[in-house]
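**Student:** Predicted model and sequence below, questions to follow.
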Amino acid sequence: MKKKKKKYLKKRYVTIAFVSIAAILAVFSAYFILERHNNVDVIQTETKTYILEEDAMSRAKSQVTINRSTSKPVTTVKLPVIMYHYVEPTRDPNDTTRIKLSVHPAEFERELINLKANEYKTYFAKDIPGIVNNTLKTDPKRVVLTFDDGYEDFYTVVFPLLKKYQMKGTVYVIYHYIGRKDFLNEAEIKEMIESGLVEIGSHTLDHLYLKSVSPEVAREQITKSKQLFEARFGIPIETFAYPFGALNDEVVKMAEEAGYTAAVTVSPGDMISSDGLYVIPRIRPGRFAGIDVGSFLDGYRN
């Protein structure tokens, strides 16, 4: 009887151990799927296309070092830069990632109306250096609207509203995604440039995670995208957005050396310094959904 009991207990412990190991493997498996999922720039199905930003999946924050200049004084200004992705109705209530990155068109229009009512004037991202260094005269209440990834809804939803309210926006386009399903095409980009209401910024060639690729690949993604955009559209590309918000000292330096005058991150905040023009913080629109945007921005501090 004792032998049978020992044998049973041994068998039970083996089963429990096996189940525990399986559970641990499942967790790690899910983790690596998320890692892989995160490194795949575009997730495409029949009904949806989306790109994950680094912090959309609670990724670790990037860290960079800002070298303070001793030869000239550092100036800091309050300048809210808002970071949008999709502006569309919810397509799939179970798609939590896309929902997290989306703003309904009606809510977006409400925000534009509210900004106007609160006497906020919109500026391009390329205006930021001039605003920070006090070489560009601006209104006291100013805001920059940015849109990452260059989705088709920027042309079908955002652009008509910018025209309606005569407001400006900066869209960060992934060069090799121009003309793909659910993304902006060349004719749309040209039309928006000609309107004078849209600035085109670079979001690299292929939306790669710049901290995990070789320095040579990262430099090409940053530099060549600028060159190709400028050759194709005949305009200077002055600002850059880091894919996934992934950056380090080396990547930031590459953006500066490529000739961009400023670069935006996914870090929250609205205070921009003259020696931090390549690590500009932005505010997610979810922070003020359904409330008075102007009052929120007036009192926002981070």
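**Tutor:** Okay, I see it.
**Student:** what's around Ile291, how many residues?
**Tutor:** 11 (other Cβ atoms under 10 Å). Using the backbone N, CA and C atoms, a C-beta is placed for each residue, glycine as well.
**Student:** Check Ala106 too.
**Tutor:** 9.
**Student:** give me phi/psi at it?
**Tutor:** Here is the backbone geometry of Ala106 (degrees, to the nearest 10): phi -70, psi -40.
**Student:** repeat for Ile291
**Tutor:** Per degrees, to the nearest 10, the backbone of Ile291 is at phi -120, psi 180.
**Student:** May I see the buried residues of stretch 111-120?
**Tutor:** Residues of stretch 111-120 classed as buried by neighbour count (16 or more other Cβ atoms under 10 Å): 111-112, 114-115, 118, 120.
**Student:** Sitting in strands, which of the residues you listed do you find?
**Tutor:** Assignment to strands by DSSP state E places none of the buried residues of stretch 111-120 there.
**Student:** Can you tell me which of these lies closest to Ile272?
**Tutor:** Tyr120 (16.2 Å; Cβ to Cβ).
**Student:** The closest one touches Pro140, doesn't it?
**Tutor:** No: in this structure, Tyr120 is not within contact of Pro140 by Cβ atoms under 8 Å, at 9.6 Å.
**Student:** Mind giving me the packing neighbours of the strand ranked longest in the chain?
**Tutor:** Ordering each strand of the chain by length in residues (DSSP E) puts strand 142-149 first. If contacts are counted by 3 or more Cβ pairs under 8 Å, 6 or more residues apart in numbering; DSSP states H and E, strand 142-149 sits against strand 81-84, strand 121-123, strand 169-173.
**Student:** C-terminal to it, what's the next element?
**Tutor:** helix 153 (DSSP states H and E).
**Student:** buried ones in whatever helix or strand comes next after that next one?
**Tutor:** Following helix 153 in sequence order, the next helix or strand is helix 159-165 (DSSP H and E). Across helix 159-165, burial judged by 16+ other Cβ under 10 Å covers 159, 161-162.
**Student:** Kindly report the same for stretch 251-261.
**Tutor:** Neighbour-count burial for stretch 251-261, counted by 16+ other Cβ under 10 Å, picks out 251-252, 254-255, 258, 260-261.
**Student:** how near is the most centrally placed residue in the chain to Phe183?
**Tutor:** Residue closest to the average C-alpha location in the chain (Cα atoms, centre = their mean): Asp148, at 4.9 Å. Using Cβ to Cβ, to the nearest Å, Asp148 is found at 12 Å from Phe183.
**Student:** Who does the residue nearest to the centre of the chain form a beta bridge with?
**Tutor:** Asp148 forms beta bridges with Tyr172, as assigned by DSSP bridges.
**Student:** Quick one: residues contacting Val213.
**Tutor:** For Val213, the contacting residues are Gln221, by Cβ atoms under 8 Å, 6 or more residues apart in numbering.
**Student:** ok so, going back, got a markdown table for the buried residues of stretch 251-261, with pLDDT, secondary structure and distance to Ser295 too?
**Tutor:** Shown next, in a markdown table, are the buried residues of stretch 251-261 (pLDDT from 0 to 100; DSSP: H, G, I helix; E, B strand; the rest coil; distance: Cβ to Cβ, whole Å):
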| residue | pLDDT | secondary structure | distance to Ser295 |
| --- | --- | --- | --- |
| Val251 | 98 | helix | 36 |
| Val252 | 98 | helix | 33 |
| Met254 | 99 | helix | 39 |
| Ala255 | 99 | helix | 34 |
| Ala258 | 99 | coil | 38 |
| Tyr260 | 99 | coil | 33 |
| Thr261 | 99 | coil | 31 |
